[in-house]
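Asks: 3D, please:
(2 chains)
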Amino acid sequence: MSGTDADLLRFEDVHQSYGDEKVLRGISFGMDRGDVEVVIGPSGSGKSTMLRCVNRLTEIDSGHIYIDGEDAAAMDENDLRRRVGMVFQDFNLFAHRTALGNVTLGLTEVRGMEKAAAREDAMGHLERVGLGDQAHSYPGELSGGQKQRVGIARALAMDPELMLFDEPTSALDPELIGEVLTVMRDLAADGMTMLCVTHEMGFAREVASTLSFLDEGKVVERGPPDQLFDAPEEARTAQFLERLTGLHDEDERSGGPRTSSDGHGESDGGEPSGTRRGERP
Amino acid sequence: MESLVLSPALPAVGELLVPLQQSDWEFVWRNREFLLAGTAITVLLTLSSVAVGVLAGLPAGIVEVYGKGRLADLVRNVGVLLRGTPIVVIFAFTFFVLPIPLPGGRVSVLGTEFGLDAFFAATLGLGLRSAAYQAQIFRGAIQSVGEGQMEAARSVGLSKLGAIRHVVVPQALRRSIPGFQNEYTIVLKDTSVAFFIGLAELLTTGFNLFVQESTAVFEVILAVSAVYFVLTFVTNRGLDALGERFTIPGEGSR
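Replies: A predicted model of the protein is given here:
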């Protein structure tokens, strides 16, 4: 699966450090077009750094990252970023611009579209994430879930080949997570290639083509999600998943939100369970 | 000899403290056009100095935040130098020492003449010093805009300059209004130091008046102070309104 020229995204022995602190210690993997890769791992394992290396918000020390066969390090960084969309944990919406203005900025300033055309295009993207009616709201007037959906629309507007999601639901109130995951599921269904750092295990099990467990800057284990959930080969993977599941069990006991990571019967139905989250009160 | 002649006309201390001499207020009123001319020059000097301050201070603030290497060092050091030098010394430098030619000629405003060279030197001195202070206002405002804003802008493919221009600066400018109100007020009042290089701004005209009619010192100073107060008050209200006009919906009050 990895290492072929057909890969849309390929990491080859990527190392990265902040000063003396080694964050990535030799990451290698590849993703095909249309793959959804979910990356999990403990805090500080290098998940976010790994994403940020793809669009060069963080530069790597050694190794290579290829986008569709091209070495990212050799690409113009603005060009690279136009091709790789990014969605942030804290949304990072442009606070002084409306939802629509957030989406149009890249269209007019990066893609060089006329204002009217950009607005029309941006409306299409906002409607795609279900926010056509909030186009003229400012970020401060939107809920967290709405903000994140604007963040997704803003990235989509650049017509990216690959989307990076950096814990897109971690800053959200539990009842707002579903609407964001629904949008992500729809994107995956439309064939978008997605590299997602998330601990939404339900999403991972249902949507991911591959699940990677990252620890101490290395991919400890990687494979189809069912395999990692049900029969992890590495003790560390098992331990980590157990801890996550434990947390969710607690949530369930206290009547709080639950993810489907603990519901083993869920993945076998083959039904589109994309609405499951959204159904929660 | 002269002091002997003048001394009988000097008011007693008690009289000085009673600013209600009708004749002295009438003296101020008779000279209202003269004071108005001084006011006009003060306003012009404030506007030109603040303009120089913004035009040089905003880029300087941006360079202080994002700049690297020699340019950033230069900007920082010049800023420290300007902030650390008394305005009178700066005026002495721009008026007497500056190795560039000042424009000659005199211009008349409402019947009061002033030298272009003094006006230019005062604008340069006040403007550059204001730029040094405004750079710090903008620096603080820029730094208060979260790093995530820059990253988000870069992540859609904007260049660093594009991100600064379209994302960081629009937000930073809004946040600099309160600090800018302070700075504007300080520039307005420090125009009075242009007295030192003979520019007939408001305080100088006031001074010229009370050397003519020395019983009216207090009245003239009160009148001049009232003008400064009105200018400060009106402009600050204007800037308040500007701040409200550009408040980002949903961001709460400033």
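Asks: please, where are all the helices along the chain?
Replies: You didn't say which chain, so I picked chain A. A:47-54, A:77-83, A:99-109, A:115-128, A:144-156, A:174-189, A:201-207, A:225-230, A:235-253 (DSSP state H).
Asks: meant chain B, my bad for not saying
Replies: For chain B, applying DSSP H gives helices covering B:2-6, B:13-16, B:22-30, B:32-66, B:69-83, B:87-92, B:116-144, B:147-155, B:160-163, B:169-190, B:202-212, B:217-245.
Asks: residue B:48: which of the helices of chain A is closest?
Replies: In terms of CB to CB, the element of those nearest to residue B:48 is helix A:99-109, at 33.1 Å. The way it works is simple: take the backbone N, C-alpha and C, and place the C-beta from them, glycine included.
Asks: what is that closest one packed up against?
Replies: With contacts taken as 3 or more CB pairs under 8 Å, 6 or more residues apart in numbering or on different chains; DSSP states H and E, helix A:99-109 sits against helix A:115-128, helix A:144-156.
Asks: can you give me phi and psi for the closest residue to chain B within the stretch 151-281 of chain A?
Replies: Of all residues in the stretch 151-281 of chain A, the one sitting closest to chain B is residue A:158 (5.6 Å; CB to the nearest CB). Per-residue torsions, residue A:158: phi -80, psi 0 (degrees, to the nearest 10).
Asks: what of residue B:248?
Replies: phi -80, psi 120.
Asks: residues contacting it?
Replies: Shown in contact with residue B:248 (CB atoms under 8 Å, 6 or more residues apart in numbering or on different chains): A:95, A:96, A:138, A:140, B:171, B:174.
Asks: mind listing residues that contact stretch A:126-138?
Replies: If you take CB under 8 Å, 6+ apart as the criterion, stretch A:126-138 is touched by A:95-100, A:103, A:122-123, A:142, A:146, A:149-150, A:152-153, A:156, A:179, A:183, B:248-251.
Asks: ok, back up a step: and the residue of the stretch 151-281 of chain A closest to chain B, what does it touch?
Replies: A:82, A:83, A:85, A:106, A:107, A:110, A:111, B:156, B:157.
Asks: out of the residues you listed, which is nearest to residue B:117?
Replies: residue A:110 (48.5 Å).
Asks: show the contacting residues for the residue lying closest to residue B:91 once chain neighbours are set aside.
Replies: Leaving aside its chain neighbours, residue B:91 sits nearest to residue B:125 (4.7 Å; criterion: CB to CB, 6 or more residues apart in numbering or on different chains). Contacts for residue B:125 (CB under 8 Å, 6+ apart) come out as B:87, B:90, B:91, B:93, B:94, B:95.
Asks: export those as JSON lines, with columns for distance to residue B:67.
Replies: Below are those laid out as JSON lines (distance: CB to CB, whole Å):
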{"residue": "B:87", "distance to residue B:67": "26"}
{"residue": "B:90", "distance to residue B:67": "24"}
{"residue": "B:91", "distance to residue B:67": "29"}
{"residue": "B:93", "distance to residue B:67": "25"}
{"residue": "B:94", "distance to residue B:67": "25"}
{"residue": "B:95", "distance to residue B:67": "31"}
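Asks: select only the buried ones of those in ChimeraX?
Replies: Here is the ChimeraX command that selects the buried residues among the contacts of residue B:125 (16 or more other CB atoms under 10 Å in any protein chain shown):
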select /B:87,90,91,94,95
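Asks: make TSV from the contacts of residue B:125 and add pLDDT to it.
Replies: Output for the contacts of residue B:125, formatted as TSV (pLDDT from 0 to 100):
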residue	pLDDT
B:87	95
B:90	95
B:91	94
B:93	93
B:94	93
B:95	92
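Asks: picking that back up, most neighbours among the contacts of residue B:248, which one is it?
Replies: For the contacts of residue B:248, the largest neighbour count, defined by other CB atoms under 10 Å in any protein chain shown, is 25 neighbours, found at residue A:96.
Asks: distance of it from residue B:167?
Replies: According to CB to CB, to the nearest Å, residue A:96 and residue B:167 sit 8 Å apart.
Asks: now the end-to-end length of stretch A:24-38.
Replies: The first residue of stretch A:24-38 is 17 Å away from its last residue (CA to CA, to the nearest Å).
Asks: name the nearest of the contacts of residue A:158 relative to residue A:172.
Replies: Comparing those against residue A:172 with CB to CB places residue A:85 closest, at 19.0 Å.
Asks: which residues touch that closest one?
Replies: Neighbour list for residue A:85: A:155, A:156, A:158, A:160, A:162, A:163, A:164, B:155, B:156 [criterion: CB under 8 Å, 6+ apart].
Asks: show me which pair in those is furthest apart.
Replies: Top of the distance list for the contacts of residue A:85 (CB to CB): A:162 and B:156, 13.9 Å.
Asks: between these two, who's got more neighbours?
Replies: Neighbour count, other CB under 10 Å: between residue A:162 and residue B:156, residue B:156 has more, with 29 against 21.
Asks: neighbours around the nearest residue to that one once chain neighbours are set aside, how many?
Replies: Nearest residue to residue B:156, sequence neighbours excluded (CB to CB, 6+ apart): residue A:106, at 3.7 Å. Neighbour count for residue A:106, taken as other CB under 10 Å: 28.
Asks: now the stretch 51-200 of chain A against chain B: closest residue?
Replies: Proximity of the stretch 51-200 of chain A to chain B (CB to the nearest CB) peaks at residue A:140, 2.4 Å away.
Asks: what about the residue in the stretch 101-250 of chain B positioned nearest to chain A, neighbour count?
Replies: Closest residue of the stretch 101-250 of chain B to chain A, CB to the nearest CB: residue B:250 (2.4 Å). Residues near residue B:250, counting by other CB under 10 Å, number 12.
Asks: and what of residue B:243?
Replies: 18.
Asks: so it makes contact with residue B:175?
Replies: No: contact between residue B:243 and residue B:175 fails when scored by CB atoms under 8 Å: they sit 9.5 Å apart.
Asks: around chain B, pick out the residues from chain A.
Replies: Contact residues (CB under 8 Å from any CB of the partner chain) of chain A with chain B: A:55, A:57, A:77-79, A:81-82, A:85-86, A:88, A:90, A:92-96, A:105-106, A:109-110, A:137-142, A:151, A:154-155, A:157-158.
Asks: separate out the buried members of those.
Replies: A:55, A:57, A:77-78, A:81-82, A:85-86, A:88, A:90, A:92-96, A:105-106, A:109-110, A:137-139, A:141-142, A:151, A:154-155, A:157-158.
Asks: contacting residues for the nearest residue to residue A:167 once chain neighbours are set aside?
Replies: Closest residue to residue A:167 apart from its sequence neighbours, by CB to CB, 6+ apart: residue A:89 at 4.2 Å. By CB under 8 Å, 6+ apart, residue A:89 lies in contact with A:48, A:166, A:167, A:168, A:170, A:171.
Asks: then residue B:108?
Replies: Residues near residue B:108 by CB under 8 Å, 6+ apart: none.
Asks: do that again at 10 Å, thanks
Replies: Residue B:108 makes contacts with B:37, B:114, as judged by CB atoms under 10 Å, 6 or more residues apart in numbering or on different chains.
Asks: and residue 83, how many neighbours?
Replies: In the absence of a named chain, chain A is used. When neighbours are counted by other CB under 10 Å, residue A:83 registers 18.
Asks: that was the other one, I meant chain B.
Replies: 12.
Asks: swap in residue B:245?
Replies: Residue B:245 has 7 nearby residues by other CB under 10 Å.
Asks: any idea how far it is from residue A:80?
Replies: Residue B:245 is 39 Å from residue A:80, by CB to CB.
Asks: hang on, the earlier thing: list the contacts of the residue nearest to the residue of the stretch 101-250 of chain B closest to chain A when sequence neighbours are not counted.
Replies: In this structure, residue B:250 finds its nearest non-sequential neighbour in residue A:140, 2.4 Å apart by CB to CB, 6+ apart. Residue A:140 makes contact with A:93, A:95, A:96, A:147, B:248, B:249, B:250, B:251, B:252, according to CB under 10 Å, 6+ apart.
Asks: how about those residues in TSV, adding distance to residue B:204 and pLDDT?
Replies: Output for the contacts of residue A:140, formatted as TSV (distance: CB to CB, whole Å; pLDDT from 0 to 100):
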residue	distance to residue B:204	pLDDT
A:93	52	97
A:95	46	95
A:96	43	96
A:147	56	97
B:248	43	92
B:249	46	90
B:250	49	85
B:251	44	81
B:252	44	62
